[in-house]
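Engineer: Take a look and give me a structure for this.
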Amino acid sequence: MIGGALAMDGAILIDKDGTLIDDEPFNVDAGRIRLAPGAQQALRDFASLGWPVAVVSNQPGVAFGYFAESSLSNVRDYLSRALAYYGVDFAGFFYCPHHPQAREAAYRIVCACRKPAPGLLEAAARHIGVPLSACWMIGDILDDVEAGNVAGCRTILVDCGNETMWRGGAHRTPDHTVGTVDAAARLVLSQVRETGRTGRPTFGTPS
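Structural biologist: Residues are numbered from 1 along each chain as shown. Take a look at the predicted model:
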């Protein structure tokens, strides 16, 4: 649980590539990572909300041998520094290294964590100590939306051109669609303020 014996009113679960940072395929070089357009303001808004933010990301580059899983520590360190810079409570980097057609046998599985499966979101919420129904899942493709909807989160699609398949399905309709990640953050803020839920910690049942 983030914050020891305290429970939060909610949390932000956000996709990495194409949502929070620019989508540069299979990059684990922290020096080449750049925040996506609007992400700086989004992080400021998340900080003002006071909720923890967890990054949830498929990383098939591990499964295909493009980089070692240990290289993802560079990405985690970057995310930790970037979110801290904007005052965000960084709740962790949750990633899936698997793929059913992986080159590396150790990662060639059908897992429960590769989005659109909800496993990463469930792990993040469990770590934070907040129910999934109090989480917002923000992503740039419908697999993010499906993972969020199946998990029971409220979902926002950042429709910035990265979703190209538009495959439909029972869980692939977002609660909201916006054009940029900062618009997603403003939407969360407005919804939270309407309901009176804040990031102030409240005493709750430890997870």
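
Engineer: contacting residues for the residue nearest to Ala68 when sequence neighbours are not counted?
Structural biologist: Closest residue in space to Ala68, ignoring its immediate chain neighbours: Val62 at 7.3 Å, by CB to CB, 6 or more residues apart in numbering. Every C-beta, even on glycine, is put in place using the N, C-alpha and C of the backbone. Counting by CB atoms under 8 Å, 6 or more residues apart in numbering, Val62 makes contact with 68-69, 72, 97-98, 104, 107.

Engineer: So which of these sit within helices?
Structural biologist: Counted as lying in helices by DSSP state H, out of the contacts of Val62, are Leu72.

Engineer: Any of the contacts of Val62 buried? List them.
Structural biologist: Taking 16 or more other CB atoms under 10 Å as the criterion, what is buried in these is 69, 72, 97-98, 107.

Engineer: closest to Arg32 among those?
Structural biologist: Taking CB to CB as the measure, Arg32 sits nearest to Leu72 out of those, at 14.5 Å.

Engineer: confidence score at that closest one?
Structural biologist: Looking at Leu72, its pLDDT is 98.

Engineer: how close does it sit to Ala123?
Structural biologist: Applying CB to CB, to the nearest Å, the value for Leu72 to Ala123 is 15 Å.

Engineer: With Val62 instead?
Structural biologist: For Val62, the distance to Ala123 (CB to CB) stands at 17 Å.
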